[in-house]
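**Student:** got a structure for you, letters missing:
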């Protein structure tokens, strides 16, 4: 059930994208560290994997640029409300005790974490489409399968989701669920854990040594495409896995124990296990969403793949690395170090041109030409998102929104008695601004790329963008969810 909060909103001039220019603000999570590994062991399988998450990227079309809407664009602003189908069996929404505890966008779906305001400590996961229609109630699926209703979601890709269900004696069981066909397939019990990562299933087993779990990968038909032998495994691009190996040594010195490398879908080494860090080919360090918003999820995996990514070698030197594992030096004038890789988007590709960002927020092309000279005031979301980026203006009293050519699209000036934060542009060309006074939120706005204020709130909680025109805002009960639709 969707409830329209306000009907059609007309244009009020404004425009922006990504930056933080205020008296206080968020801070991104931590960085990954590395260690060393023996790269002499190379395992090659003889069969080509039959299932991959995507074909080889067409780099001319990968990095999406949000469109600028026509002038005087009007919008419909809706609240996405829970309906009875979203409530676990045995309960009713009429008692008003259910709240949206959290909400994120995963792939093509909106995932809601529902909580019952009572002694019940469980959360219930529900999947909606972007139109606000409920697609699956994971708690009821678990009940129907004979498990407890507090089932978890471990990844979404296309029409598939990975579900972790629990028996009455707290034994866990993982299953792949098709949201369209409703088919459910259980993961073999030989694996201790499983999650869905952009079209492949990462599986883990408890290892035989002190280093814990080992990881491998299955395709969506449960064929093992990567053996369970790595200390860490994730998808770095539609063609490559990023893998971690540890060497035995001082257990407290993790920086010298882990090394990263790249392998293909045949388990063939593409980049040796000698790097202290490798970013995914999105140029974006993963895992920065959490309590600081869902901004990293604004980057669509298959639409934002670069020709290169960035790696940190054994000598703490930052290098470029391509899909074949070939490395090249970063232009010395860019002055990039490991610290630049810990927040925002460090590398991006637009119009067949690659951009790189250093820790001061200065953006260059790979030839060392400056795209913007001005550092960010707060850099936790810096870099290009969906084709736009916020930087500090020349007077350092506000922010400029720039496009991929470095053209200034919009300027926001800091108010005398307060500050503001601007968050990244999403796929619909929308972004949010939070206004602060004495570090307290006093107003939030949703704005489009044509200087239109779509919605304004004087709540003391920020409006947070989840991507694809969907937003959340905390309230006393939980979260309220909103969707903006261009008319």
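**Tutor:** Perfect, thanks for sending it. No experiment lies behind these values; they were computed from the predicted model shown.
**Student:** quick one: residue 94 and residue 87, what's the gap?
**Tutor:** Residue 94 sits 9 Å away from residue 87, going by CB to CB, to the nearest Å. To be clear about C-beta, it is placed using only N, CA and C from the backbone, and glycine gets the same treatment.
**Student:** same question for residue 358.
**Tutor:** 49 Å.
**Student:** now do the helices in the stretch 101-250 of the chain.
**Tutor:** 138-144 (DSSP state H, counting those that start in this stretch).
**Student:** what are the boundaries of the strands in it?
**Tutor:** Using DSSP state E, counting those that start in this stretch, the strands of the stretch 101-250 of the chain run over 109-116, 123-128, 134-137, 152-157, 160-166, 172-178, 184-186, 193-197, 200-206, 213-218, 224-230, 232-235, 240-246.
**Student:** mean pLDDT, mean neighbour count and distance to residue 427 added to these, as JSON lines?
**Tutor:** Formatted as JSON lines, the strands of the stretch 101-250 of the chain follow (pLDDT from 0 to 100; neighbours: other CB atoms under 10 Å; distance: least, CB to CB, whole Å):
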{"stretch": "strand 109-116", "mean pLDDT": "90", "mean neighbour count": "22", "distance to residue 427": "13"}
{"stretch": "strand 123-128", "mean pLDDT": "91", "mean neighbour count": "22", "distance to residue 427": "17"}
{"stretch": "strand 134-137", "mean pLDDT": "94", "mean neighbour count": "20", "distance to residue 427": "19"}
{"stretch": "strand 152-157", "mean pLDDT": "92", "mean neighbour count": "20", "distance to residue 427": "16"}
{"stretch": "strand 160-166", "mean pLDDT": "95", "mean neighbour count": "22", "distance to residue 427": "21"}
{"stretch": "strand 172-178", "mean pLDDT": "96", "mean neighbour count": "19", "distance to residue 427": "25"}
{"stretch": "strand 184-186", "mean pLDDT": "97", "mean neighbour count": "14", "distance to residue 427": "30"}
{"stretch": "strand 193-197", "mean pLDDT": "93", "mean neighbour count": "21", "distance to residue 427": "21"}
{"stretch": "strand 200-206", "mean pLDDT": "94", "mean neighbour count": "21", "distance to residue 427": "23"}
{"stretch": "strand 213-218", "mean pLDDT": "94", "mean neighbour count": "21", "distance to residue 427": "28"}
{"stretch": "strand 224-230", "mean pLDDT": "95", "mean neighbour count": "20", "distance to residue 427": "30"}
{"stretch": "strand 232-235", "mean pLDDT": "93", "mean neighbour count": "20", "distance to residue 427": "20"}
{"stretch": "strand 240-246", "mean pLDDT": "92", "mean neighbour count": "24", "distance to residue 427": "24"}
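**Student:** mind checking which of those strands is nearest residue 450?
**Tutor:** Ranking those by proximity to residue 450 (CB to CB) places strand 109-116 first, at 25.3 Å.
**Student:** out of residue 94 and residue 87, which sits in the busier spot?
**Tutor:** In this view residue 94 and residue 87 are compared by other CB atoms under 10 Å, and residue 87 has more residues nearby, 22 against 9.
**Student:** which residues touch that one?
**Tutor:** By CB atoms under 8 Å, 6 or more residues apart in numbering, the contact list for residue 87 reads 93, 98, 114, 124, 137.
**Student:** just put the strands of the stretch 101-250 of the chain in JSON lines and tack on distance to residue 439.
**Tutor:** Below are the strands of the stretch 101-250 of the chain laid out as JSON lines (distance: least, CB to CB, whole Å):
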{"stretch": "strand 109-116", "distance to residue 439": "28"}
{"stretch": "strand 123-128", "distance to residue 439": "30"}
{"stretch": "strand 134-137", "distance to residue 439": "38"}
{"stretch": "strand 152-157", "distance to residue 439": "34"}
{"stretch": "strand 160-166", "distance to residue 439": "39"}
{"stretch": "strand 172-178", "distance to residue 439": "42"}
{"stretch": "strand 184-186", "distance to residue 439": "48"}
{"stretch": "strand 193-197", "distance to residue 439": "37"}
{"stretch": "strand 200-206", "distance to residue 439": "40"}
{"stretch": "strand 213-218", "distance to residue 439": "41"}
{"stretch": "strand 224-230", "distance to residue 439": "44"}
{"stretch": "strand 232-235", "distance to residue 439": "36"}
{"stretch": "strand 240-246", "distance to residue 439": "38"}
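**Student:** out of those, which gets nearest to residue 419?
**Tutor:** Nearest to residue 419, of all these, is strand 109-116, at 30.5 Å by CB to CB.
**Student:** partner strands of the closest one, with direction?
**Tutor:** Take DSSP bridges as the rule and strand 109-116 pairs in its sheet with strand 98-106 (antiparallel), strand 123-128 (antiparallel).
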